[in-house]
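1. here you go, sequence then predicted model.
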Amino acid sequence: VVVSARSVDAIEVIVADIKAKGGEAIAVRCDVSSTEDCNAIAKAALDKWGRIDGVVHSAYYHPDWSNLEAHSLDQLTQALDVIAVGGLRMAQAVIPAMKAQKSGSIVNISTLATRKPMPGEGGYAMAKAALNQLTRQLAVELSGTGIRVNTALMGWMDGVPLDSFFASQGEAGKAFRKQR
């Protein structure tokens with residue numbers, strides 16, 4: 001497994017855990033907004049194992065929790081760059097190897113917010129919806145090559161981003177959290 005993220009400390013901990021349990025893993029720092037970084041992940045996998053069986057694109061950037069009518073266009077552009085265009089960069093980095101081996105799997109991690117809009121989540125959901133379309137488009141374009149392209153739609157996962165959302169809603173956020 002190639003474990004990748006922008007935080008080297010985080011990925012090294014994960015790699016150590018995998019190795020401690022008898023697995024094989026390497027850590028490669030990557031910012032998916034950089035084509036060079038994405039290509040470096042593919043190269044590291046090929047150098048280590050000689051093939052790429054799959055990639056899971058789960059890069060995360062959530063713009064501020066605000067309505068689209070007044071949202072920062074810079075933040076929306078960054079969300080699209082990391083989530084959707086980052087997914088395309090990763091796919092472009094691994095597709096040549098997958099085509100050569102006539103097999104592979106690309107899985108893009110999306111969100112149920114693309115199906116059930118929530119206040120303040122428009123920018124994030126918009127970028128994830130673009131990722132969903134990227135997935136469908138690549139699935140059609142790569143048909144017959146042995147490469148599968150799919151999306152996994154995730155629900156809310158507890159953590160700092162979700163806490164930020166509830167905090168942004170004030171008292172209503174506390175009540176809403178109890179419903180979840």
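-> That came through, no problem.
2. hmm, residue 54 is touching residue 107, no?
-> Yes. In this structure, residue 54 is within contact of residue 107 by CB atoms under 8 Å, at 6.9 Å. C-beta: built from backbone N, CA, C; applies to glycine.
3. what is the neighbour count of residue 69?
-> 6 (other CB atoms under 10 Å).
4. roughly how far does it sit from residue 10?
-> Counting by CB to CB, to the nearest Å, the gap from residue 69 to residue 10 is 35 Å.
5. likewise residue 101?
-> The value you get for residue 101 to residue 10, if CB to CB is used, is 30 Å.
6. contact partners for the spatially most central residue of the chain?
-> Taking CA atoms, centre = their mean, the centroid of the chain lies closest to residue 58, which sits 2.0 Å from it. Going by CB atoms under 8 Å, 6 or more residues apart in numbering, residue 58 touches residue 109.
7. so is residue 44 in a helix, a strand, or just coil?
-> The three-state assignment at residue 44 reads helix, by DSSP: H, G, I helix; E, B strand; the rest coil.
8. okay, now it: neighbour count?
-> If you count neighbours by other CB under 10 Å, residue 44 ends up with 16.
9. now the residue lying closest to it once chain neighbours are set aside: phi and psi?
-> Of all residues not flanking residue 44 in the chain, residue 28 sits nearest, at 4.7 Å (CB to CB, 6 or more residues apart in numbering). As for residue 28, its main-chain torsions (degrees, to the nearest 10) stand at phi -140, psi 120.
10. correct me, but residue 28 touches residue 38?
-> No. Residue 28 lies out of contact with residue 38 (CB under 8 Å); the separation is 10.2 Å.
11. neighbour count: these two, which is higher?
-> With other CB under 10 Å as the criterion, residue 28 and residue 38 differ in neighbour count, and residue 38 comes out ahead with 26 against 19.
12. secondary structure element holding residue 23?
-> Residue 23 belongs to no helix or strand when assigned by DSSP states H and E.
13. burial of it, as a residue count?
-> Close neighbours of residue 23, defined as other CB under 10 Å, add up to 10.
14. for residue 68, same thing?
-> Residue 68 has 13 neighbours, counted by other CB under 10 Å.
15. could you do residue 21 as well?
-> By the criterion of other CB under 10 Å, residue 21 has 8 neighbours.
16. ok, residue 59 next?
-> The burial count for residue 59: 23, using other CB under 10 Å.
17. these two touch, right, it and residue 81?
-> No. If you go by CB under 8 Å, residue 59 and residue 81 don't touch, sitting 9.8 Å apart.
18. show me where the protein has helices.
-> Assigned by DSSP state H, the helices in the chain fall at 8-20, 35-49, 73-79, 86-101, 122-141, 160-168, 171-179.
19. name the residues of the fourth one that are buried.
-> If you call a residue buried by 16 or more other CB atoms under 10 Å, then helix 86-101 has these buried ones: 86, 87, 88, 89, 90, 91, 93, 94, 95, 97, 98.
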